[in-house]
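Q: 3D model of this:
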Amino acid sequence: MTRSGSYVPSPIKRSRRTHGDMDAIRAAIHAVLAADNPMTVRQVFYQLVGRRTIEKTEAEYKQTIGRLLTEMRRAGEIPFGWISDNTRWMRKPRTYNSLQQMLEITKNTYRRALWNDQAVYVELWLEKDALAGVLLEETAPWDVPLMVTRGYPSLSYLYSAGTAMAAQGRPVYVYYFGDHDPSGRDITRSTEAGLREFAPDAEINFERVAVTESQIVRYRLPTRPTKLNDSRSKHFRGESVEVDAIPSGSLRAIARKCIEQHIDRAQLDRTKLVEEQERETLRRILKRIEAAK
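A: Residues are numbered from 1 along each chain as shown. Here you go, the predicted model:
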């Protein structure tokens, strides 16, 4: 145990691994992902560190876990969908082959804006882009914006977000997920300050929900030495923990709790009823187009 109460695995003696050793690591990777997916590569790494399957080193992260996950996906041992990577994506306008195709897709995917009918407005903010695919599984069904800062958010990013919050005209709840280290804590402070600067009259309820000191103890999260050359480390106590160390299922549960506590279920039912009626309107329009051919 460290002074902060976090769990640190005992050092594992390093030796050349046998084929049996590598098979055991592959089996552990499969078990971890089968129980909870999708995960990022770093999340898989932290899960195996917590199980004392591997050492907590960058070499293990890159040369062992990164390499094995590549091999296992190519070999079909694990599905590609079990690994989340939101750092690379395509930018392209959505286009259609025809009006009929557009209506066909829209009648199945149309969603009415959920929060327009709720008394409050909710956003989730995330320090690391790579974890966006993990939290998106909770934010997308609830129509909640997932805002990724990728470290310190730019002034333009904060201005756009703050002015959008000010335009809501109702209480805004912001839940932040970030690393427990000097920079991660300061990013939280800077983000909140920036939002309040550009939305001075808005009611913004800002809460950092991960990583917290209590979560480090509760989940026995792997820690790392705090970087002493970080100019913000002077007032930081204890060791550092990356948000990636929290298991995917726990991260999603935290996000789900943040969102669901603000949902007015009766109003949600009314919104869903209107949504279905509007979908039926789209179906009728599509039938008329098909009949006219």
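
Q: list the buried ones in whichever strand or helix holds residue 280?
A: Element membership for residue 280, per DSSP states H and E: helix 265-292. Residues 271, 279, 286 are the ones in helix 265-292 that count as buried (16 or more other CB atoms under 10 Å). Every C-beta, even on glycine, is put in place using the N, C-alpha and C of the backbone.

Q: would you turn these into CSV with pLDDT and distance to residue 135?
A: What follows is the buried residues of helix 265-292, written out as CSV (pLDDT from 0 to 100; distance: CB to CB, whole Å):
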residue, pLDDT, distance to residue 135
271, 97, 23
279, 93, 27
286, 89, 34
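
Q: on that earlier part again, run the chain-centre distance for the helix holding residue 280.
A: Distance, stretch centre to chain centre, for helix 265-292: 31 Å (CA atoms, centre = their mean, to the nearest Å).

Q: Show me what it is packed against.
A: Here helix 265-292 touches helix 99-109, going by 3 or more CB pairs under 8 Å, 6 or more residues apart in numbering; DSSP states H and E.

Q: nearest to residue 209, of the buried residues of helix 265-292?
A: Distance to residue 209, by CB to CB, is smallest for residue 271 among the buried residues of helix 265-292, at 25.8 Å.

Q: Which pLDDT does the model give the residue nearest to that closest one when sequence neighbours are not counted?
A: Nearest non-adjacent residue to residue 271, counting by CB to CB, 6 or more residues apart in numbering: residue 117, 4.8 Å away. For residue 117, the pLDDT comes out at 95.

Q: if I look at residue 117, how far off is residue 279?
A: Using CB to CB, to the nearest Å, residue 117 is found at 17 Å from residue 279.

Q: Can I get the buried residues of helix 265-292 in TSV including distance to residue 203?
A: Shown next, in TSV, are those (distance: CB to CB, whole Å):
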residue	distance to residue 203
271	23
279	34
286	42
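
Q: immediately after the helix or strand hosting residue 214, which helix or strand?
A: Per DSSP H and E: residue 214 is located in helix 213-218. Sequence order places helix 248-260 as the next helix or strand after helix 213-218, per DSSP H and E.

Q: quick one: average confidence on that next one?
A: Averaging pLDDT along helix 248-260 yields 97.

Q: What residues sit buried inside that helix?
A: Buried-residue list, helix 248-260, by 16+ other CB under 10 Å: 248, 251-252, 254-256, 258-259.

Q: repeat for stretch 169-182
A: 172-182.

Q: In helices, which of these appear?
A: residue 182 (DSSP state H).

Q: All set, thanks.
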